[in-house]
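Asks: pasted the sequence and its predicted model underneath.
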Amino acid sequence: MNNTLSVAKREFTTFFASPIAYIVLGAFLLVSGWLFFATLIPNGQATMRGFFGLAPVFFMFLVPAITMRSLAEERKTGTLELLLTMPLEDWQIVLGKFLAALGMLGVGLLFTLPFAFTVASLTAPGVGFDWGAVLAGYLGLLFLAASFVAMGLWSSALSKNQIIGFIVGFVICFAFWVVDKFAIIFPESIARVLEYASVDYHFENIARGVLDSRDFLFYGSLTLAGLLFTTRTLGATRQ
Amino acid sequence: MTRRLSAEAIDTGLEIIFSHSILRTYQQRGRMPEAGKCIDSRPLTLYRERLNFLPVKGPMSSSMIRIERLAKRYGTTEALKELSFEVPRGQVVGFLGPNGAGKSTTMRILAGYVTPTSGKAFVGDLDVTADPVAARRLIGYLPENNPLYEEMMVVDFLRFIADARGVPRSLRSARIKSAVERCGLGSVIGKDISQLSKGYRQRVGLAQAILHGPELLILDEPTSGLDPNQIVEIRNLIRDLGQENTVILSTHILSEVQSTCSRALIINDGRLVADDAPDRLALGAEGGMVTVVLASRHGSALDPVATRRALEAVGGVVSVQSADSEGDASLGFLLRYTAEDPRRSLFEAAVKNEWVLLEMHRAHASLEDAFRKLTGTPQKAA
C-alpha cells in the first residue's frame, strides 16, 4: 500500500506543480459555473439538479484531460522504464495513478461546493434546502468519475501520445454516456439493456437519492474493468 | 537460524531478535515465505535495512547474475541468441558490443523491464520472470539515456525513489544523504532536474540507483554524452561502488572497461564472443607493439635488410615492419610480439650488432583492436 501511495503522491504533486492542472480545473469551473448559473436563474428553483445533470457531460472532457498524460507521458519521456523496474507490482502502479487522478478530480469537485452554498443561500425563507440530494449527487459524481478515470487511464496506457490518450478516453466515456440516449427507438427489452450500460442512467439513480447497490455495482465493475485493462496493457510493455 | 551475516559485529542475540521481527513482518503481511525459501534474499534485504545497510554477504549462491541460454526475439529480429554467462558477487563487469548487439536487452531483462522469449535469468537466486518484484528489490538500475522526472526537484525525486523502493521511513533521509554525498549532488539538491547539466543528471541517475543499497548495480551506458572530466568523475564513482557491490555496466568506450572493470564480456549479434580480463583480451588480440629507431655506432648507414633480419631473430618478436626513422643515418621499425616482452632482448641485440637505440617505445595493443576483431564491425566500434 505504501508503494501505491508513493506513486499516487508523486503523480498528484507533479500535477499541481504544472500549469496544466490550473488550466484544466479552471476551464472546468468556468464552464460548469457559467452553465450552472445560466440555468439556475431562469428556472427559479433552488436545486443543484441543473449542475448534476450537466456534470457527466463535463466529466467526459475533464477526466480524459486529466488522465491523458498519466501513463503516456511516462512512456514518452522513458520514465516508464524507471517506474517498471521499481520493486512494484503493475497493479500498484496503476492503482497509484488511479488514486492520484481521482484525487485531482476530488479537488476540482471541492471547488464546486460554493455552487451548493450559493443555492442554499438562495433558498426561499422557511423552505429547507435539500442537502441530502446534494450529498447523493456528489457521491454519484465520485463513482462516475472513478469509472471515467479507469477508462481514461487505459487509453493513456495505450501509446506515448497524449492526444491519443485524450481522444480514446473521451470516445469511451462518450460511448457509455450516449448508449441509452436513443433507447427509445428500440424495443423495450433492448432499451433496458442499453439503459443498464449507461453511466448517465445510474448516475441519475444515485443523484435522485435512490441508493441501490446495482448502481454502485455498475460503476464498481466498470472501474475494475478499466483498471484491469490498464494493468494488462502496462504489463505488455515488458514484452 | 541458517542465515549468516558477514558483519562479525552482530552477535547472535541481535540476529535472533532481528530475524524474529522480520518473520513477524512477513506473517503480518500474510506473505510468509515458505520454509525452503526462507533463505532467500528478501529477509536479507530487510536485514540490510534494519542494520543500516551493512554490506551483507548473502548466504545464497555465489553468483550474483546467472544467465542461461537467454533468447529474445522482437518480431523477426533476434536480439539475443542463447546468451549464457555468470557473474560472481563483487565483480565489476564491463559489457561491450556494437550498437544493437543486445547489451541493453540483456540489462533490461535483468532489471525486469523486458521479458525473455526463452531461457532464464537469475539475480541472486531469484528468477527474474518467476519472482520479478523480489528480484528487482536487489537491483539498482540506471537505464540507457537516464530517464528522470524532469519537473521534480532532486530531493523530491530521491524521496520518491526511496519510497517506491521500500526504504523504511526511518532510514530514508540517511540513505538520501549518503547517496547525495557519494554522487556529489549537495549543491543541486533543491533544483529541478530539468535545470541540471548532463553531468549532474547522470549523477542523479546514479544516486537513484544506489539509494537503497542494492546488491547488484546495472548501469546502461553510464558515461554516454558526458565530457571527459565528467567521465572521469563518474568512472571513479563506479570504481568506488564496485568495492562493495556487484556492478555490470555497458559502454562503448573501451578504455572505460580497461580502467574500471575486472572482466569484460563482449557480445556481438546476440552472442557472447569474448569473456576475459580486459588486459588479457587486449593481449590476445594483437599482442603488444614496440617501436625502435636504430643507428649504427660507427656513424655509417645501417643495412636495412640485415638489420631487419637481425630484429626478426630477437626472441618474442613475431613481425617486423618498417616505420618512421630520424634522418638518413637511422632506421625505424615497428615490432609486434604476442606474449613475451622483447625489450630486454632488443637491447642485447643492439649491443651485439653495435646499434645505437635512439628510441624504444612499447605500446599496448588496445582492447579496441580486440573488440574490432571479435565483433567484425570496425565502423561501429566507437
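Replies: Yep, that arrived.
Asks: out of everything not next to it in sequence, what's closest to the most centrally placed residue in chain A?
Replies: By Cα atoms, centre = their mean, chain A has its centre lying nearest to A:Ala145, at 2.2 Å. Nearest residue to A:Ala145, sequence neighbours excluded (Cβ to Cβ, 6 or more residues apart in numbering or on different chains): A:Leu105, at 4.8 Å. Every residue, glycine included, has its C-beta placed from N, CA and C.
Asks: which parts of the helix or strand harbouring that neighbour are buried?
Replies: Element membership of A:Leu105, judged by DSSP states H and E, is helix A:90-110. By neighbour count with 16 or more other Cβ atoms under 10 Å in any protein chain shown, helix A:90-110 contains the buried residues A:90-105, A:108-109.
Asks: what about stretch A:4-20, near chain B?
Replies: Yes: counting by Cβ under 8 Å from any Cβ of the partner chain, chain B is contacted by stretch A:4-20 at A:Leu5, A:Ser6, A:Val7, A:Lys9, A:Arg10, A:Thr13, A:Thr14, A:Ala17, A:Ser18.
Asks: which residues touch the helix holding A:Leu105?
Replies: Helix A:90-110 is contacted from outside by A:3-12, A:15-16, A:21, A:25, A:28-29, A:59, A:62-63, A:66-67, A:70-71, A:83-84, A:138, A:141-142, A:145-146, A:149-150, A:152-153, A:227, A:230-231, A:234-235, using Cβ atoms under 8 Å, 6 or more residues apart in numbering or on different chains.
Asks: out of these, which are buried?
Replies: Buried among the contacts of helix A:90-110 (16+ other Cβ under 10 Å): A:3-12, A:15, A:21, A:25, A:28-29, A:59, A:62-63, A:66-67, A:70-71, A:83-84, A:138, A:141, A:145-146, A:149-150, A:152-153, A:227, A:230-231, A:234-235.
Asks: now intersect the residues you listed with the helices, please.
Replies: Within those, residues falling in helices by DSSP state H are A:3-12, A:15, A:21, A:25, A:28-29, A:59, A:62-63, A:66-67, A:70-71, A:83-84, A:138, A:141, A:145-146, A:149-150, A:152-153, A:227, A:230-231, A:234-235.
Asks: how about A:Leu211, what does it touch?
Replies: A:Leu211 touches A:Ala136, counting by Cβ under 8 Å, 6+ apart.
Asks: wait, is it part of a strand?
Replies: No: using DSSP: H, G, I helix; E, B strand; the rest coil, the assignment for A:Leu211 is coil, not a strand.
Asks: ok, it to A:Leu135 distance?
Replies: 11 Å (Cβ to Cβ, to the nearest Å).
Asks: leaving out sequence neighbours, find the closest residue to A:Ala225.
Replies: Leaving aside its sequence neighbours, A:Ala225 sits nearest to A:Ala150 (Cβ to Cβ, 6+ apart; 7.3 Å).
Asks: I figured that neighbour hits A:Ser221, correct?
Replies: No: between A:Ala150 and A:Ser221 there is no contact under Cβ atoms under 8 Å: 10.3 Å.
Asks: tell me which parts of chain A are close to chain B?
Replies: A:2-3, A:5-7, A:9-10, A:13-14, A:17-18, A:77-89, A:238-239.
Asks: which positions in chain B make contact with chain A?
Replies: Looking at chain A, the residues of chain B close enough under Cβ under 8 Å from any Cβ are B:108, B:111-115, B:133-134, B:136-137, B:139, B:141, B:143, B:145, B:147-152, B:156, B:160-161, B:163-166, B:208.
Asks: are any of those residues buried, and if so which?
Replies: Buried among the residues of chain B next to chain A by 16+ other Cβ under 10 Å: B:108, B:111-115, B:133-134, B:136-137, B:139, B:141, B:143, B:147-149, B:151-152, B:156, B:160-161, B:163-166, B:208.
Asks: quick one: contacts for A:Phe51?
Replies: A:Ser32, A:Phe36, A:Thr112, A:Phe115, A:Gly137.
Asks: distance from the helix or strand harbouring it to the middle of the chain?
Replies: Using DSSP H and E, A:Phe51 falls within helix A:49-77. Counting by Cα atoms, centre = their mean, to the nearest Å, helix A:49-77 is centred 6 Å from the centre of its parent chain.
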